[in-house]
Every structure is written in structure tokens, then in C-alpha cells.
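[1] Test case, fold it:
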Amino acid sequence: IGSAITVAIEGSRPFLAEVQALVSSSPFGYPKRTSNGFDLNRLQILIAVLEKYAKLNLQNHDVFINVVGGIKLSEPAADFAILMAIASSFLKKVLPKNSTIFGEVGLCGELRKVSHSDKRKKESEKLGFTEIIGPEKFREIVDALTRL
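    This is a model prediction of the structure:
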């Protein structure tokens, strides 16, 4: 629960990175947002998108994000994996174990295509991941989240 694998690009080389999220109820009036390996301001935006478009009430919850292995993810393609890890932790639902997730999340709740999608898919398949969740599957994922 709260773990997602994303495919990032460093130069021209794709690599997989695990992102973890922990969402817990906050005993204080102002919830804490903490990020390790991911931009904190970007995290605030993704939480707002989840609240508005996926109808997840995170206002009274602390949200902690960690990119495993000390990696720093700065490209927008990691947005969707961060968003799904947060939703997974909040809803207490496990994401598919054999999946990689990538895509840029816009302020209007849309998932945007990212560069080198074909390289990302090939690297995922090469490492044994069979379900690749990207911009093409976004609508069905959002629908599934809102039904829970």
C-alpha cells in the first residue's frame, strides 16, 4: 500500500524508481506535507488535484513522500506515480505489483503525455513489468478511484 514504480529519464536513459507515500490522519489543524526526493511545491499541487478531481479528502491528513534510494525525481513524468501512491495509501488499496506508472498531471486534473513514452514502455517490459499505466489509461484509473 502506498508504493508505485515510475519510469524516469536521465539524459536519454530510462530507469525505474519506486515512490512511497504515507497518508495518516493529522492531530493538528494544519496537516504536514513532507517530501524526500521530490519537489514539495509540486507535491502540494498534486494533493490539490487529488482533492478536487478524485474527491479524496486529504485536508485533515499528513502526506509524506519518499523516492527510494536517494534518487531525486525532477521530471513531470513522475507526477502520476506520486498521485497514485498517495491515493493508494489513503484508500488502503494496493496498486498492481507488475505495473509502472508515468505521466504529467495538469492543474485541471488531466494527464498529459510525456516525452520518450516508447523508451519508458520498453524499459518496463524489459524488466518484467506487464501493466504500463500512462496517459492512455488515465480516464479508467480516475473512474476506478472515484468509485471506491
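[2] ranges for the strands of the chain?
    Applying DSSP state E to the chain gives strands spanning 3-10, 13-25, 33-36, 61-67, 99-101, 104-105, 111-112, 131-133.
[3] how far off strand 3-10 does the second one point, in degrees?
    With axes from the mean of the first three to the mean of the last three C-alpha atoms, to 10 degrees as the basis, strand 13-25 and strand 3-10 are set at 140 degrees to each other.
[4] who's A4 bridged to?
    V19 (DSSP bridges).
[5] so of the strands of the chain, which one's packed in deepest?
    strand 99-101 (a mean of 23; mean count of other C-beta atoms under 10 Å). Yep, even glycine has a C-beta here, placed from its N, CA and C like the rest.
[6] Show me what that one packs onto, helices and strands only.
    strand 3-10, helix 79-91, strand 131-133 (3 or more C-beta pairs under 8 Å, 6 or more residues apart in numbering; DSSP states H and E).
[7] One more pass at 10 Å, please.
    In this structure, strand 99-101 packs against strand 3-10, strand 13-25, helix 79-91, helix 117-126, strand 131-133, with contacts taken as 3 or more C-beta pairs under 10 Å, 6 or more residues apart in numbering; DSSP states H and E.
[8] tell me the mean pLDDT for that strand?
    Summarised as a single mean, pLDDT over strand 99-101 is 94.
[9] Relative to the whole chain's centre, how far out is it?
    10 Å (C-alpha atoms, centre = their mean, to the nearest Å).
[10] repeat for stretch 27-35
    19 Å.
[11] Can you get me the start-to-end distance on that stretch?
    19 Å (C-alpha to C-alpha, to the nearest Å).
[12] For that stretch, the averaged confidence score.
    92.
[13] Residues in contact with that stretch: which ones?
    By C-beta atoms under 10 Å, 6 or more residues apart in numbering, the list of residues contacting stretch 27-35 from outside reads 21-26, 40-44, 47, 58-67, 73, 82.
[14] still on that earlier bit, ok, which of the strands of the chain comes nearest L91?
    Closest to L91 of those, according to C-beta to C-beta: strand 13-25, at 9.0 Å.
[15] how far does the closest one sit from the chain's center?
    Worked out by C-alpha atoms, centre = their mean, strand 13-25 lies 7 Å from the chain centre.
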